[in-house]
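Peer 1: This is a predicted model, with the sequence first.
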Amino acid sequence: MNLLNGNEVSQVIRLQIKDEVSKIKSEGKKVPHLAAILVGEDGASKTYVAAKERDCQEVGFDSTVLRFDVSITETELLIEIEKINNNPEIDGLIVQLPLPKHINEKKITESISYKKDVDGFHPYNVGLMFKGLPTFLPATPYGIIKLLEHFQIETIGKHCVVIGRSDIVGKPMSALMLQKNCTVTVCHSRTIDLSKYTLDADIVIAAIGSPKFLKANMIKEGAVVIDVGITRVDDANSKKGFRLLGDVDFEDLSEKVSWITPVPGGVGPMTRVGLLLNTLEALGRK
Ligand SMILES: NC(=O)c1ccc[n+]([C@@H]2O[C@H](COP(=O)([O-])OP(=O)(O)OC[C@H]3O[C@@H](n4cnc5c(N)ncnc54)[C@H](OP(=O)(O)O)[C@@H]3O)[C@@H](O)[C@H]2O)c1
């Protein structure tokens, strides 16, 4: 078993981004600037936004967090987004999800200028991605592609099974693996006899949200396994009071796989680096 170590690879890419930013600075040019909108007091959302802010600082990007009370109306939020769309100082904009129930997430996502849509959720960018044209790729699938490339995992002609069909992970992941010349199968909660597919897979990408779902008896010998899942479970023995579990039963699979991502330290840090790469890219898009 070999580890697809996302901590290690993300660090390498971060240093490359940092070098690029130093070069931009030394030429007296503007550095990338990421704005994040945070609505309400959701603990997980606050943590994610704080991490994104730290990541920006670490590589030398400018960052701004716009915090709004949970009572902000959809119209007020749309006005704020329009201000950022028109602000030439800001290159990338993300709106941390989930939003309060009275705000239509689809409407908000689509109101972000596609030129600043560093999450890659705007339908225009999704269309470009499916056509294989240059665009902002959603951060998690983008990070996974970078991880596979770093470890030179063979994809041509391989059977890749993606479990999950969400807009942010499963669907874009399947499109990107198709572009990598895999034969792709997408499974979901209505798939009948999931093991029939996973047992035939050379590469399994699990993005379900169900802790330790994928067991050794569901994969073939030598498979490459990517665990996207992150579920917080209470753990009195942990300093934080919780621990993170992936969708893969790591211990059970470890003897059978050729390559596997750990949780934490696999896909998570690569996702963060995916956003940084998009923000760097956004600088040249205006
Ligand atoms: N590491 C990271 O940086 C990162 C980034 C994003 C997400 N995540 C994690 O990845 C997981 C998935 O995220 P998501 O946003 O894609 O979740 P999601 O929107 O809830 O989608 C989950 C997908 O899994 C499918 N599914 C659920 N139960 C299944 C089962 N028993 N068998 C087969 N398929 C099943 C669902 O099928 P249906 O479509 O039929 O309902 C759905 O397509 C979560 O744990 C999330 O926290 C991690």
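Peer 2: Structure received.
Peer 1: Need the pLDDT of the nearest residue to residue 102 once chain neighbours are set aside.
Peer 2: Closest residue to residue 102 apart from its sequence neighbours, by CB to CB, 6 or more residues apart in numbering: residue 74 at 6.8 Å. (Glycine included, C-beta is placed from N, CA and C.) Per-residue pLDDT puts residue 74 at 98.
Peer 1: Can we start the residue count at 706 from this point?
Peer 2: Got it, the first residue is 706 from now on, which makes the last one we talked about residue 779.
Peer 1: Residue 779 touches residue 805, doesn't it?
Peer 2: No - applying CB atoms under 8 Å, one finds residue 779 not in contact with residue 805, separated by 9.4 Å.
Peer 1: Pull the number of nearby residues for residue 881.
Peer 2: 24 (other CB atoms under 10 Å).
Peer 1: ditto for residue 805
Peer 2: Residue 805: 17 neighbours (other CB under 10 Å).
Peer 1: Skipping its backbone neighbours, what lies nearest it in space?
Peer 2: Closest to residue 805 by CB to CB, 6+ apart is residue 775, at 5.3 Å.
Peer 1: now the one you found, what's its secondary structure?
Peer 2: Here residue 775 is coil, with the state taken from DSSP: H, G, I helix; E, B strand; the rest coil.
Peer 1: neighbours around the residue nearest to residue 807, how many?
Peer 2: By other CB under 10 Å, neighbour count at residue 779 equals 15.
Peer 1: got a list of what it touches?
Peer 2: For residue 779, the contact set (CB atoms under 8 Å, 6 or more residues apart in numbering) comprises 807-809, 812-813.
Peer 1: ok, now how distant is it from the ligand?
Peer 2: Note on residue 779: its distance to the ligand, by CB to the nearest ligand atom, to the nearest Å, is 22 Å.
Peer 1: Which parts of the stretch 856-991 of the chain are helices?
Peer 2: 875-884, 899-903, 955-958, 972-988 (DSSP state H, counting those that start in this stretch).
Peer 1: Name the stretch among the ones you listed that sits most buried.
Peer 2: Greatest average neighbour count among the helices of the stretch 856-991 of the chain goes to helix 972-988 (a mean of 24), per mean count of other CB atoms under 10 Å.
Peer 1: quick one: that helix to chain centroid distance?
Peer 2: Its chain's C-alpha centre and that of helix 972-988 lie 8 Å apart, by CA atoms, centre = their mean, to the nearest Å.
Peer 1: other SSEs contacting that helix?
Peer 2: With contacts defined as 3 or more CB pairs under 8 Å, 6 or more residues apart in numbering; DSSP states H and E, helix 972-988 has these neighbours: helix 711-731, helix 748-764, strand 797-800, helix 844-855.
Peer 1: Looking at those, spot the one closest to the ligand.
Peer 2: Distance to the ligand, taken as CB to the nearest ligand atom, is lowest for helix 844-855 among the helices and strands packed on helix 972-988, at 4.2 Å.
Peer 1: how about the closest one: buried residues?
Peer 2: 844-853, 855 (16 or more other CB atoms under 10 Å).
Peer 1: contacting residues for residue 863?
Peer 2: 887-888, 907-908.
Peer 1: so can I have TSV of those residues showing neighbour count, pLDDT and distance to residue 840?
Peer 2: TSV is the format used below for the contacts of residue 863 (neighbours: other CB atoms under 10 Å; pLDDT from 0 to 100; distance: CB to CB, whole Å):
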residue	neighbour count	pLDDT	distance to residue 840
887	22	98	20
888	14	98	24
907	20	99	27
908	23	99	23
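Peer 1: Which ones among those also lie next to the ligand?
Peer 2: Among the contacts of residue 863, no residue sits close to the ligand (CB under 6 Å from any ligand atom).
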